[in-house]
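Undergrad: After the sequence you'll find the predicted model.
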Amino acid sequence: MWVPAYSATMHNVGSPDTGQPLTFRQVFAVTEFRALWVAYVLSLLGDQLARVALSVLVYAQTGSPLLTALTYALGFLPWIVGGPLLSGLADRFPRRTVMVVADVVRALIVGLMAVPQVPLPALLVLLFAAELCAPPFASARAALLPQVLDGELYVLGSAVNTITWEVTQVVGFVVAGASVAVVGARGALLVDALTFVVSALILARWVRHRSSPVRDPGDAGGLGADLRAGLSLVFGDPWLRTLTILAWLCAAYMVPEALAAPVAAREDGGALAVGLLLAANPIGTAIGSVLIGRWVSPERRLRWLIPMAFLCGVPLIACLWHPDLVLVGVLWGLSGLFSAYNLTANAAFVRALPDARRGQAFGIVQAGMSVGQGVGFLIAGAAAEKIDVLTVVAFGGVVTCVAALALALTSRGRDLVRAP
C-alpha cells in the first residue's frame, strides 16, 4: 500500500544536521509512531484473519469456489467504491477521532459477523460495511504521520511501514490459517473484532488529540466537493500528477503476483514454488526500503526516482528468455528492490500537499492503485490464457519501462527542483 509521507513539523529526534544517518531506533523512540505502528500491525493481521475465516465460512456454506473467491475480492471493493469519497473525512474531522471511530465501528460489525447462523447475504453486506471503514482510517493515519515524524525520520518511518506490509503479506496468511484451524472461523472473526478494540484503545491512549485540519474559509460543500477539489489538486499540478502516475505503475510491475501459480506450474513447481515466487517481490521491496531509506541521501533519492521506476520493469522483461524458477524468483525480487522508489515518491507527494487535503489525496491515489491492480491482474490473466505466461510478465515490465521513460521525457527534470 502506498503511504504518503513527510512534512517538516515537530518531534525532531536525533541530529539530522550532523550528517549522520538516522536510525530505526530513533523512529521507534517517538511514542505516537509506536502507537500508530502497533495499530497498523493489528489492522493488517486482522484483515488477513478475516479473509481466511470468511473464505472458510463461505466455502463451508456453499461449496462454491466462485463465491469464495468473490467474497475474498469483496474486501478490496470498498477502496474502489468509497476510497476517493470517504477519505475526505480525514480532512474534515480530527484524525485520531476518525481512526478510533472507524476501529470501534469495525469491531461491532465484525462481532456481528461472528454470530452463528448469519445468512450468507447478510455476511457479505456486513463485510462490505466493515471494509468501508478502511479508507477513512488509512487516510487519517497517512495524513497524521507527517505530524508525528519530522523530516528524514518520516522516510525511515515509511520504510518501517513498507517492511511491515510486505512481511505481513509473506507470513500473515500462514498465521491466519493456523489461527482459524485452532479457534475456528467464527472464533477467528471474534479475534479480529478484538484487534480493532485494542487498536482503538492504543490510539486513544498514546496518540494525542489534534484539531481538524485548518480549511480555507471559502471551502464549502460536502464530500463530493472535497473529491472534486482533491482531483483538481492531484491532477492539476504537474509534479503531483507525475508522482501519482509513478504510484500507479504498480498495476504493471505487480503483474507477477497474479501469475505466480501458472509460472510455477509451467516448470512443474508445486505450492511451495508458488509461495516462494509470491514472496520474492515483497522481500525485495523490504530490502530496497531499508537500503534507500537508511543509506541514500534525500537529494540522491530524488535523482534516482524515475530511473528506479524504469529499473523496476527491466528484470521482468528478462523473463522473455524463460529462465528457470530460481532465476525468475531472483528477477522478481530485483523488481521489488527497485520499487522502493515509492519511498521517495511518498515523501515528495506530501511535501507538495496542503494539510487540509492530505487525506483526500491519499484516498485518490490508493483507489487508483486498487483499480489499476485489479484491472492489470484481469488483463494479465486473460492474456496468459492465449500466450506464454512469462511473456505476459515481460509485457508488464515493458509497460513499466515505457511509462517511466515517458515521465522522464515529459518532465525533463523541471519538476524535480520542487522537492529539496
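TA: Structure's in. What do you need? Residues are numbered from 1 along each chain as shown.
Undergrad: The stretch 51-200 of the chain: helices as residue ranges?
TA: 65-74, 77-81, 83-86, 95-113, 120-131, 134-148, 152-206 (DSSP state H, counting those that start in this stretch).
Undergrad: Ile283: which of the ones you listed is closest?
TA: Judged by CB to CB, the one of those that comes nearest to Ile283 is helix 152-206, at 7.1 Å. Quick note: C-beta positions are derived from backbone N, CA and C, even for glycine.
Undergrad: Please name every helix or strand in contact with the closest one.
TA: Judged by 3 or more CB pairs under 8 Å, 6 or more residues apart in numbering; DSSP states H and E, helix 152-206 is in contact with helix 24-28, helix 31-62, helix 95-113, helix 134-148, helix 271-295, helix 298-303, helix 341-351.
Undergrad: Next, the buried residues of the helix or strand harbouring Val398.
TA: Assigning secondary structure by DSSP states H and E places Val398 in helix 389-411. Within helix 389-411, the residues scored as buried using 16 or more other CB atoms under 10 Å are 389-390, 392-397, 399-401, 403-404, 407-408, 411.
Undergrad: Who are the packing partners of it?
TA: helix 238-248, helix 250-253, helix 255-266, helix 305-317, helix 358-384.
Undergrad: Out of those, which is the most enclosed?
TA: helix 250-253 (a mean of 25; mean count of other CB atoms under 10 Å).
Undergrad: how close does the residue in the chain sticking out farthest from the centre sit to Leu57?
TA: Here the chain reaches farthest from its C-alpha mean at Gln117, the gap being 33.6 Å by CA atoms, centre = their mean. Separation of Gln117 from Leu57 (CB to CB, to the nearest Å) stands at 11 Å.
Undergrad: Report the contact partners of the residue lying closest to Thr162 once chain neighbours are set aside.
TA: Leaving aside its chain neighbours, Thr162 sits nearest to Ser289 (4.4 Å; criterion: CB to CB, 6 or more residues apart in numbering). When contacts are counted by CB atoms under 8 Å, 6 or more residues apart in numbering, Ser289 touches Ser158, Ala159, Thr162, Ile163, Ala340, Leu343.
Undergrad: any weak-confidence spans in the stretch 201-350 of the chain?
TA: The stretch 201-350 of the chain contains residues with pLDDT under 70 at 214-221, 271.
Undergrad: Columns neighbour count on top of the contacts of Ser289, output as TSV?
TA: Shown next, in TSV, are the contacts of Ser289 (neighbours: other CB atoms under 10 Å):
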residue	neighbour count
Ser158	28
Ala159	24
Thr162	25
Ile163	19
Ala340	26
Leu343	28
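Undergrad: of these, closest to Leu22?
TA: Using CB to CB, these come closest to Leu22 at Ala159, 10.7 Å.
Undergrad: Quick check, the closest one in contact with Gly288.
TA: No - Ala159 is beyond contact range of Gly288, at 9.1 Å (criterion: CB atoms under 8 Å).
Undergrad: and the residue lying closest to Thr97 once chain neighbours are set aside, helix, strand or coil?
TA: Among residues not flanking Thr97 along the chain, His209 sits closest, at 7.6 Å (CB to CB, 6+ apart). The local conformation at His209, judged by DSSP: H, G, I helix; E, B strand; the rest coil, is coil.
Undergrad: who touches His209 in this structure?
TA: Per CB under 8 Å, 6+ apart, neighbours of His209: Pro94, Arg96, Thr97.
Undergrad: neighbour-wise, which of these leads?
TA: Of all the contacts of His209, the highest neighbour tally under other CB atoms under 10 Å goes to Arg96, namely 20 neighbours.
Undergrad: And for the closest residue to that one other than its chain neighbours, the neighbour number?
TA: Spatial nearest neighbour of Arg96, chain neighbours left out: Val207 (5.0 Å); criterion: CB to CB, 6+ apart. Neighbours of Val207 under the rule other CB under 10 Å: 22.
Undergrad: same thing with Leu337?
TA: The number of residues near Leu337, taken as other CB under 10 Å, comes to 22.
Undergrad: Please compute how far the helix or strand harbouring it lies from its chain's middle.
TA: Element membership of Leu337, judged by DSSP H and E, is helix 325-338. Distance, stretch centre to chain centre, for helix 325-338: 20 Å (CA atoms, centre = their mean, to the nearest Å).
Undergrad: just the angle between that helix and helix 255-266, please?
TA: Interaxial angle of helix 325-338 relative to helix 255-266 (axes from the mean of the first three to the mean of the last three CA atoms, to 10 degrees): 170 degrees.
Undergrad: Give me the contacts around helix 325-338.
TA: By CB under 8 Å, 6+ apart, helix 325-338 touches 253, 256, 263-264, 267, 269, 273, 276-277, 280-288, 291, 308-309, 311-316, 318-319, 323, 390, 397.
Undergrad: gap between the residue lying closest to Phe93 once chain neighbours are set aside and Thr97?
TA: Once flanking residues are discounted, Phe93 sits nearest to Ser212: 5.6 Å by CB to CB, 6+ apart. Distance check for Ser212 against Thr97: by CB to CB, it reads 9 Å.
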